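Visitor: Sharing a model that was predicted from the sequence below.
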Amino acid sequence: MVFQAVTTGFPIRNASGMTVFGALQEALTLFYLFGMILDEKVHMTPRPAPHTRPVLPAARQRVLIVDDESAILFAYRKLIELEGFGVDTCENLFEAMAMIRTRPYLAIITDMRLQGTDNEDGIELLHFIREMQPDARVMISTGYGNEELRQTTQTLGASHYFEKPVRPSQILTALKAMSTAVPPANRMDLVDAC
């Protein structure tokens, strides 16, 4: 039942016939995500000491997470900050666009549907990112995925496509690979340098 509440995002009935939604559903989502994080941390290899990590320019260490579920924002923020990245979060398309206009990002992790179940805000955001920060990597996550959507996001330049629930190790592995790659110059870096 917990898994169903986390993955569907819709109110469901528990064994006694009560509807599970709202704050309880967010708590269940957090419980599930942190359980995944803890489970994977046990199986992951130990991280190197902080002094052995590569030092990257500040602009290349920031990640933006865009999701309309506050529990996911909270869990991903904690997970990614533990790896030494700076993290910004927002809950809708317009907040994300404002942040992308003002700060360069190594990566942007976005849900496909940000306000309701019948939209593709993630596609609109992907177009905007390619225009404003063509070198930023984009990870799309969705609970409503299909092969056509996967191909569309890849054609538009998404570097990763995940169907929910996303294993935290997948996100961390992708971010670590991005942070060690030598990225091309970002237009926002040129603005900051002036």
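Guide: Cool, the structure landed.

Visitor: isn't residue 73 right next to residue 89, touching?
Guide: Yes. Counting by CB atoms under 8 Å, residue 73 touches residue 89, with 4.4 Å between them. No exception for glycine: its C-beta is placed from N, CA and C like everyone else's.

Visitor: list residues touching both of the two?
Guide: With contacts defined as CB atoms under 8 Å, 6 or more residues apart in numbering, the residues shared by residue 73 and residue 89 are 65, 67.

Visitor: Would you mind listing the buried residues in stretch 104-116?
Guide: Buried residues in stretch 104-116, counted by 16 or more other CB atoms under 10 Å: 104, 105, 106, 107, 108, 109, 110, 111, 112, 113, 114.

Visitor: Export that stretch to CSV, keeping only CA atoms.
Guide: Provided in CSV are the C-alpha atoms of stretch 104-116 (Å, rounded to 0.1, in the frame of the first residue of the first chain):
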residue,chain,number,x,y,z
PRO,A,104,23.8,28.6,-14.3
TYR,A,105,23.3,25.0,-13.5
LEU,A,106,25.3,21.8,-14.0
ALA,A,107,22.1,19.9,-14.2
ILE,A,108,18.3,20.4,-13.9
ILE,A,109,16.2,17.5,-12.7
THR,A,110,12.5,18.0,-13.6
ASP,A,111,9.3,16.2,-13.3
MET,A,112,7.4,16.0,-16.6
ARG,A,113,4.0,17.0,-15.2
LEU,A,114,4.3,19.9,-12.7
GLN,A,115,0.7,21.1,-12.3
GLY,A,116,-1.8,18.4,-12.7
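
Visitor: Skipping its backbone neighbours, what lies nearest residue 124 in space?
Guide: residue 93 (6.4 Å; CB to CB, 6 or more residues apart in numbering).

Visitor: same check, this time on residue 68
Guide: Distance criterion CB to CB, 6+ apart; nearest residue to residue 68, sequence neighbours excluded, is residue 114 at 4.8 Å.

Visitor: in terms of contact, does that neighbour touch residue 93 like I think?
Guide: Yes. Assessed by CB under 8 Å, residue 114 is found in contact with residue 93 at 5.6 Å.

Visitor: Now do the shared contacts for these two.
Guide: Contacts common to residue 114 and residue 93, judged by CB under 8 Å, 6+ apart, are 66, 121, 125.
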